[in-house]
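*Asks:* Next come a sequence and a model predicted from it.
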Amino acid sequence: MSKKIQNIITKYFTKQASLSELDLLSQWIENPSNKEEFIKYVKINFAINVNMKKFGTEDSKKQLLKFIELEKKGRIKRITLNYVKYAAVVLVFLGTGYILKNRILDNPSGVINEKTETPVTINNIIEVGTDKAILTLEDGSNIDLEKGKTIRTKSVQSNGEELIYDSSHSENAEIAYNFLTIPRGGQFHIKLSDGTLVWLNSESRLKYPVAFKEGETREVELVYGEAYFEVSPSTLHDGATFKVLNTSQVIEVLGTEFNLKAYRDETNVYTTLVKGKVVINTPTTKKVLAPNQQSTLDINDNSIIVKPANVNDEISWKKGLFSFKSKSLEEIAKVLSRWYDVDILFSSPELKTVKFNGVLRKDESIEEILNNILTTNYIKAFEIKDKRIMLK
């Protein structure tokens, strides 16, 4: 399989393929000699880890071609493609369309007979996460930020999707700090006064100065949660370095991009370097990260392990994706709980250790996500009641 085809498949699943690319993908799939290559590539990079039937039916191939053709027509009619959901396409193409048909298409409400060991949805009020945050100003007052709501103060403005600080001056007096808190079911983007960009994931909190003192080290603190930093280079700030403080460690950078994950309900802090170089400092050790490396800090004993990392998996949340590569359902439940603002429970402890592979979109409903998880042979059903989900 050529690199070009690989890129088109990826763009197709992430809503970025052009009409000409869709045409090329259609032609390529129609060639029977390409089917094994496609299966292998999708299984490694996208597909859900289930006991899949081998792709070998003309109906399966025709279904995917039909989906692509419908999407092309939709692009012409609406400019923006109305994509068939990723997991549905993969399952149909791999010859497991019966799962989709029995569990979704025949039951659009999500309420399915218990005898078939499939989902039961009751009183569902769960919404997909969106752009929202709480801004705490230097005087202690709070401002709710959300889509469609515009705010402006003397130093900051927001259009409801991002927060932008005034970069026209540096702070020479005592530094004033703001906090940006992202609740469960939220995400937000902020541009600091020095031009540094920060993307904050659900259930996160960032402390930062309204303006940085000229010529001095620029410091912010990820109090908890997950954030992606694109740091303004020190060369633009008279050589001033940039530091991110967090529980048990300080990250020092000159100008780089990295992801920091430090949730309160986890005992490890993960730092993943995308570009540049960072130095991880703890009370007992110092580690230097190169691109595509990740440090894991155990906050119980301050030990650090550095190893190679799949950067795309680690920062997929920033791109609107869930990338679950050999993740346990317990780990996945934490991610879904934060994004959908729900509590996920297990009917038995054994279910927590079940492994799952998949790349899914964050704009899917929780029912769609759970229906994909049902394709394992271990989870037989789920039940939603208010904001509690039971996996069985």
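*Replies:* Yes, it's here. Computed from a prediction, not measured in an experiment: that's the story for all the values here.

*Asks:* show me what contacts Asp313?
*Replies:* Applying CB atoms under 8 Å, 6 or more residues apart in numbering to Asp313 gives the contacts 323, 325. No exception for glycine: its C-beta is placed from N, CA and C like everyone else's.

*Asks:* isn't there a strand covering it?
*Replies:* No - in this structure, Asp313 is helix, not part of a strand, as judged by DSSP: H, G, I helix; E, B strand; the rest coil.

*Asks:* domain parsing for this protein?
*Replies:* The chain resolves into domains spanning 3-98, 121-126+320-391, 130-314 when parsed by automatic domain parsing.

*Asks:* which of those domains has the lowest average pLDDT?
*Replies:* For the domains of the chain, the weakest mean pLDDT is recorded on domain 3-98, namely a mean of 56.

*Asks:* Would you map the strands across the stretch 101-250 of the chain?
*Replies:* For the stretch 101-250 of the chain, the strands defined by DSSP state E, counting those that start in this stretch occupy 120-124, 130-136, 142-146, 151-152, 156-158, 162-165, 177-182, 186-191, 197-200, 204-209, 218-230, 242-246, 249-253.

*Asks:* mind checking how far Asn357 is from Pro209?
*Replies:* Here the criterion is CB to CB, to the nearest Å. By it, Asn357 lies 42 Å from Pro209.

*Asks:* actually Ile379, sorry about that
*Replies:* Applying CB to CB to Ile379 and Pro209 gives a distance of 46 Å.

*Asks:* One more: Ile373?
*Replies:* Counting by CB to CB - Ile373 and Pro209 are separated by 42 Å.

*Asks:* quick one: which of those two has more around it?
*Replies:* Ile373 (23 against 20; other CB atoms under 10 Å).

*Asks:* hang on, that one packs against Ile332?
*Replies:* Yes - at 7.5 Å, Ile373 and Ile332 qualify as touching, with contact defined as CB atoms under 8 Å.

*Asks:* Could you name every residue contacting both of these two?
*Replies:* Common contact partners of Ile373 and Ile332 (CB under 8 Å, 6+ apart): Phe356.

*Asks:* Can you show me the helices along this protein?
*Replies:* 3-13, 19-30, 35-45, 58-78, 86-93, 97-100, 311-314, 329-340, 366-373 (DSSP state H).

*Asks:* And Glu214, its phi and psi?
*Replies:* phi -60, psi 130 (degrees, to the nearest 10).

*Asks:* From the structure, what's the count of residues near it?
*Replies:* Under the neighbour criterion other CB under 10 Å, Glu214 is assigned a count of 12.

*Asks:* for Thr271, same thing?
*Replies:* Neighbour count for Thr271, taken as other CB under 10 Å: 26.

*Asks:* Contacts only, for the nearest residue to it once chain neighbours are set aside.
*Replies:* Among residues not flanking Thr271 along the chain, Ser295 sits closest, at 4.7 Å (CB to CB, 6 or more residues apart in numbering). Going by CB under 8 Å, 6+ apart, Ser295 touches 270-271, 280, 287, 289, 304-306.

*Asks:* redo that, cut-off 7 Å
*Replies:* Applying CB atoms under 7 Å, 6 or more residues apart in numbering to Ser295 gives the contacts 271, 280, 287, 289, 304, 306.

*Asks:* Same question for Asn159.
*Replies:* Residues in contact with Asn159 (CB under 7 Å, 6+ apart) are Thr150.

*Asks:* Give me the nearest residue to the residue nearest in space to the middle of the chain, chain neighbours excluded.
*Replies:* Centroid check for the chain by CA atoms, centre = their mean gives Trp317 as the closest residue, at 1.4 Å. Leaving aside its sequence neighbours, Trp317 sits nearest to Asn201 (CB to CB, 6+ apart; 5.5 Å).

*Asks:* burial count for the one you found?
*Replies:* Around Asn201 there are 22 other residues, counting by other CB under 10 Å.

*Asks:* now swap in Trp199 and tell me
*Replies:* 20.

*Asks:* Spatially nearest residue to it (excluding sequence neighbours)?
*Replies:* Excluding the flanking residues, the one nearest Trp199 by CB to CB, 6+ apart is Tyr228, at 4.3 Å.

*Asks:* Would you confirm that the one you found contacts Thr271?
*Replies:* No - with contact defined as CB atoms under 7 Å, Tyr228 does not reach Thr271; the gap is 11.3 Å.

*Asks:* and the closest residue to Phe179 other than its chain neighbours, what does it touch?
*Replies:* Excluding the flanking residues, the one nearest Phe179 by CB to CB, 6+ apart is Thr136, at 4.0 Å. Each residue near Thr136 by CB under 7 Å, 6+ apart is listed here: 142, 178-179, 181.

*Asks:* how much space is there between the closest residue to Asp238 other than its chain neighbours and Thr235?
*Replies:* Leaving out its chain neighbours, the residue that sits closest to Asp238 by CB to CB, 6+ apart is Gly215, at 4.9 Å. Distance, Gly215 to Thr235, using CB to CB: 13 Å.

*Asks:* repeat for Tyr378
*Replies:* Separation of Tyr378 from Thr235 (CB to CB) stands at 53 Å.

*Asks:* neighbour-wise, which of those two wins?
*Replies:* Each of Tyr378 and Thr235 had its neighbours counted (other CB under 10 Å), and the higher figure belongs to Tyr378 (15 against 10).
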